[in-house]
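Asker: Any chance you can model this:
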Amino acid sequence: MIGGTRKQWINGETITGIALVLMALLFMWAATMNDIWARILLADYVLLAIGAGFIILGIITIHRANRAHTEEESGHSRRY
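Answerer: Below you'll find the predicted structure:
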């Protein structure tokens, strides 16, 4: 959150990851029903891996956004 003091619970990366994982699971389910979908099952696993990567990236970003910032991290430290 820009300019806010509330903790961030979800972000764009997490939403993207969840959507990709759900789409990959839907495609895998379709592969059980149809031969054409079964031929591209490898692409479903790639989609699943990319979705998991986005979820992990989102979690890391949320942890970085929610931690308390010090003066040393912001680059505005005083020089005495």
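
Asker: where does the chain have low pLDDT?
Answerer: By pLDDT under 70, the weakly predicted segments of the chain are 1-5, 69-80.

Asker: Scan it for its longest helix.
Answerer: Longest helix in the chain, counting residues (DSSP state H): helix 41-66.

Asker: Can you list the helices and strands that that one packs against?
Answerer: Other helices and strands packing on helix 41-66, by 3 or more CB pairs under 8 Å, 6 or more residues apart in numbering; DSSP states H and E, are helix 12-33. (Each C-beta comes from the backbone N, C-alpha and C, glycine too.)

Asker: Just the CA atoms of the helix it packs on, as PDB, please.
Answerer: In PDB, the C-alpha atoms belonging to helix 12-33 read as follows (Å, rounded to 0.1, in the frame of the first residue of the first chain):
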ATOM      1  CA  GLY A  12      -0.900  -8.600  -7.600                       C
ATOM      2  CA  GLU A  13       1.700 -11.400  -7.800                       C
ATOM      3  CA  THR A  14      -0.300 -13.500  -5.400                       C
ATOM      4  CA  ILE A  15      -3.500 -13.000  -7.300                       C
ATOM      5  CA  THR A  16      -1.700 -13.800 -10.600                       C
ATOM      6  CA  GLY A  17      -0.200 -17.000  -9.100                       C
ATOM      7  CA  ILE A  18      -3.500 -18.200  -7.700                       C
ATOM      8  CA  ALA A  19      -5.200 -17.600 -11.100                       C
ATOM      9  CA  LEU A  20      -2.500 -19.500 -13.000                       C
ATOM     10  CA  VAL A  21      -2.600 -22.400 -10.500                       C
ATOM     11  CA  LEU A  22      -6.400 -22.700 -10.800                       C
ATOM     12  CA  MET A  23      -6.200 -22.500 -14.600                       C
ATOM     13  CA  ALA A  24      -3.500 -25.200 -14.700                       C
ATOM     14  CA  LEU A  25      -5.600 -27.400 -12.500                       C
ATOM     15  CA  LEU A  26      -8.600 -26.800 -14.700                       C
ATOM     16  CA  PHE A  27      -6.600 -27.800 -17.800                       C
ATOM     17  CA  MET A  28      -5.300 -30.900 -16.000                       C
ATOM     18  CA  TRP A  29      -8.900 -31.900 -15.300                       C
ATOM     19  CA  ALA A  30      -9.800 -31.300 -19.000                       C
ATOM     20  CA  ALA A  31      -6.900 -33.600 -19.900                       C
ATOM     21  CA  THR A  32      -8.700 -36.400 -18.100                       C
ATOM     22  CA  MET A  33     -11.700 -35.900 -20.300                       C
END
